[in-house]
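[1] Just the structure for this:
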Amino acid sequence: MMTTTERSFMKALFHGVIDAEAVTPYPSINDDEQEVLELMLENVRRFLESSVDSAKIDAEHKISDSVLAGMKELGLFGLSIPESYGGLGLSATAYARVMQEVASYDGALAVTVGAHQSIGMKALLLFGTDAQKAKYLPRLASGEMVAAFALTEPEAGSDAASIRTQATIAGDGEGYILNGSKIWITNGGFADFFTVFARTTSPETGAKPKVTAFIVERSSGVKNGPSEEKMGIRGSSTVTLYFDDVYVPKENVIGEVGRGFKVAMEVLNNGRLGLAAGCLGGSTRMIDMAIARVDERKAFGKRIGDFGMIQEKIARMMCETYALECMTYLTTGLIDGGTKDFSLESAICKVFGSETYWYVANETLQIAAGIGYMTEYPYERMLRDSRINLIFEGTNEILRAFIALSGLQGPGDQLQEVVKALREPIKGFGVLSEFAIQRARSALGRERLEFAHESLRKEAVIFESGVTDLAREAERALRKHGRAMMDRQFIQKRIAEVAIDLYGLAAVLSRTSSRIEEVGESAAAREIQLAQGYGVIAEERLKMRLSRMEREDDELLKEIAATAYQAGAFKTLVG
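    Residues are numbered from 1 along each chain as shown. Okay, the predicted model is just below:
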């Protein structure tokens, strides 16, 4: 059994193993940092309430220089940079909490700060040399330099193998010449520091490209196009970048030459948690707006909050957002505790967070009714702002495939070991024994979930049963399809969605149980209620997805899509 810092909680779950020690007790911030965080949040709230006009930012498609200056003065551009380089040195949890607060006021501000910190300079923090950090981090912490992350190209979004931007060795042998372009780059219109990913092998070779990460300064010749007109987060800068014979010295390579894909994935794994925290902030703000609105609106002589359909909306929004909060801060706590592999957990938080925010924004606008559609009120702006999160930092479709295939990799490797061990049963005795023990755990229901409080016994059973079913369905899918699972996206989607709700249940059980231990059942009544509500929602989804992991009508859906592609349009039946 691997230690918790070597093995992902969710990857273990795909084996049917519940690593309770990894998620208990629920993580918390130490007292010293809590004091710093509370002061920071108080200053941020005061600034946002007094200086930020979100309607104006949206209308003018720009964050004013004075607002940016105020954010820099607050230290918002150096939250995660170590104090030794002039930053605040916040933990992953404290950083996420500040991002949550900023996003609850304005999505464009959160995106600007997140693009700078969560991804723009994250490669430097994770992989930079001491010399690189000394040169750039102090200026990035103060906001003197603003960072941007340049990966996406017209034909290369999630498929990094399609990158065309090229870096070739310069004539002096001391640097690279960069040529190409990047699209939809947040902060690109005013950033001075770019983390740029480029091929360091020729596209003509036909082999899988070697991609390298570079620090590129605007002063080296980076150009940008005009700001893109966007559906939401209009105040953030989004542009196309152009690199025309831009010289980059060798000392600006981040990490190893040809290992840029690894750098990009690590950056995005970290960045997705900032995005999830932002979605949490937006969701909590909109729930507050919805609750206020149900007290204002009347129908048939009653306030609309007394009608069942509205009560269901409010309750579901509350339970899903509570689960998002538990998942986000469990994951940041894992990072702060030293867990090395949190790629599945961060991807899950991003998918669940972005879809929760979109759901909450949509339902809040529905509750607001007519005024929700009017631009003089914030509902429609926040709905527009929320939509991008399902696309940012890996689309939710790509991330569902990633969650499923990454989770299945462990059971797949284990099955291969078992097959090999069966050919050599004496040499493979240890492998067979471990596999048999895990199968027995699944058959007998495994050890009980000791970290779940008695008041959450039903939810714990839902979780345990779901883990058993996930491991069984993962093994069944791998035995049936083998390597062809790479192309079975209907199954991937359902497996990923099961994994998402199981992580949600684990986080909710851990958080709520720790809260009960801290203050008692009576004082934790609200959290218990929300945990039970999420259990109802999750159980319904788990039953639906696990009961029919493979469906005959999947082929029908494929045929309908194929027919549409051939026709090139929807052909009406009338006229």
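[2] Return the residues in contact with the residue nearest to Asn43 when sequence neighbours are not counted.
    Nearest in space to Asn43, with sequence neighbours left out and distances taken as CB to CB, 6 or more residues apart in numbering, is Leu74 at 5.9 Å. To be clear about C-beta, it is placed using only N, CA and C from the backbone, and glycine gets the same treatment. Leu74 makes contacts with Met40, Asn43, Val44, Phe47, as judged by CB atoms under 8 Å, 6 or more residues apart in numbering.
[3] helices or strands up against the helix or strand hosting the third one?
    Counting by DSSP states H and E, the element that carries Val44 is helix 31-51. Secondary structure elements in contact with helix 31-51, counted by 3 or more CB pairs under 8 Å, 6 or more residues apart in numbering; DSSP states H and E, are helix 65-74, helix 92-105.
[4] would JSON lines of those helices with distance to Leu383 and mean pLDDT be doable?
    Shown next, in JSON lines, are these (distance: least, CB to CB, whole Å; pLDDT from 0 to 100):
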{"stretch": "helix 65-74", "distance to Leu383": "23", "mean pLDDT": "97"}
{"stretch": "helix 92-105", "distance to Leu383": "14", "mean pLDDT": "98"}
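[5] Tell me which of these lies nearest to Arg234.
    Among the helices and strands packed on helix 31-51, helix 65-74 comes nearest to Arg234, with 14.1 Å by CB to CB.
[6] Buried residues, the helix ranked longest in the chain. List them.
    If each helix of the chain is counted by residues according to DSSP state H, the longest one is helix 260-296. For helix 260-296, the neighbour count (16 or more other CB atoms under 10 Å) marks 260-261, 263-264, 266-287, 289-290, 293-294 as buried.
[7] what does stretch 22-32 give?
    Within stretch 22-32, judged by 16+ other CB under 10 Å, the buried ones are Ala22, Val23, Thr24, Tyr26, Pro27, Ile29.
[8] Export the strand or helix carrying Leu125 to CSV, keeping only CA atoms.
    Secondary structure assignment for Leu125, by DSSP H and E: helix 122-127. What follows is helix 122-127 as a C-alpha-only set of coordinates in CSV (Å, rounded to 0.1, in the frame of the first residue of the first chain):
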residue,chain,number,x,y,z
LYS,A,122,2.9,28.8,-12.0
ALA,A,123,5.5,27.0,-14.2
LEU,A,124,8.2,29.3,-12.9
LEU,A,125,7.1,28.5,-9.3
LEU,A,126,7.1,24.8,-9.9
PHE,A,127,10.0,24.2,-12.3
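[9] Below-threshold pLDDT in the stretch 401-550 of the chain: ranges please.
    412, 414-450 (pLDDT under 70).
[10] what about the strands in it?
    When secondary structure is read from DSSP state E, counting those that start in this stretch, the stretch 401-550 of the chain shows no strands.
[11] ok, which stretches of it are helices?
    Using DSSP state H, counting those that start in this stretch, the helices of the stretch 401-550 of the chain run over residues 429-444, 457-481, 489-519, 525-547.
[12] mind giving me CSV with these and columns for distance to Arg387 and mean neighbour count?
    Shown next, in CSV, are those (distance: least, CB to CB, whole Å; neighbours: other CB atoms under 10 Å):
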stretch, distance to Arg387, mean neighbour count
helix 429-444, 40, 14
helix 457-481, 30, 19
helix 489-519, 20, 23
helix 525-547, 22, 18
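[13] And the residue nearest to the spatial centre of the chain, how far from Thr512?
    Per CA atoms, centre = their mean, the C-alpha nearest to the average position across the chain is that of Lys350, at 2.4 Å. Using CB to CB, to the nearest Å, Lys350 is found at 23 Å from Thr512.
[14] any idea how far the residue nearest to the centre of the chain lies from Ala507?
    From Lys350 to Ala507 the distance is 14 Å (CB to CB).
[15] and Val239, helix, strand or coil?
    strand (DSSP: H, G, I helix; E, B strand; the rest coil).
[16] Hmm, it is touching Ile185, no?
    Yes - if you go by CB atoms under 8 Å, Val239 and Ile185 touch, sitting 5.9 Å apart.
[17] joint contacts of these two?
    Counting by CB under 8 Å, 6+ apart, the common neighbours of Val239 and Ile185 are Asn224.
[18] so where do the helices sit in the stretch 201-350 of the chain?
    260-296, 308-336, 343-368.
[19] roughly how far is stretch 335-351 from the heart of the chain?
    Distance of stretch 335-351 from the chain centroid (CA atoms, centre = their mean, to the nearest Å) equals 9 Å.
[20] Tell me the buried residues in that stretch?
    By neighbour count on 16+ other CB under 10 Å, the buried set for stretch 335-351 is 335-336, 339, 341-351.
[21] Save the residues you listed as a markdown table, and put in distance to Ile314 and pLDDT too.
    Converted to a markdown table, the buried residues of stretch 335-351 look like this (distance: CB to CB, whole Å; pLDDT from 0 to 100):
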| residue | distance to Ile314 | pLDDT |
| --- | --- | --- |
| Ile335 | 32 | 95 |
| Asp336 | 33 | 95 |
| Thr339 | 35 | 93 |
| Asp341 | 37 | 92 |
| Phe342 | 32 | 94 |
| Ser343 | 34 | 94 |
| Leu344 | 31 | 96 |
| Glu345 | 28 | 97 |
| Ser346 | 29 | 97 |
| Ala347 | 29 | 97 |
| Ile348 | 25 | 98 |
| Cys349 | 23 | 98 |
| Lys350 | 25 | 98 |
| Val351 | 23 | 98 |
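[22] re earlier: would you mind telling me which of Val239 and Ile185 has the busier surroundings?
    Between Val239 and Ile185, counted using other CB atoms under 10 Å, the more crowded position is Ile185 (26 against 22).
[23] Would you check how far apart Asp553 and Ala156 are?
    Applying CB to CB to Asp553 and Ala156 gives a distance of 34 Å.
[24] Tell me, how many residues neighbour the nearest residue to Gly258 once chain neighbours are set aside?
    Distances taken as CB to CB, 6+ apart put Lys210 closest to Gly258, at 3.6 Å, once the chain neighbours are dropped. Lys210 has 18 neighbouring residues, counting by other CB under 10 Å.
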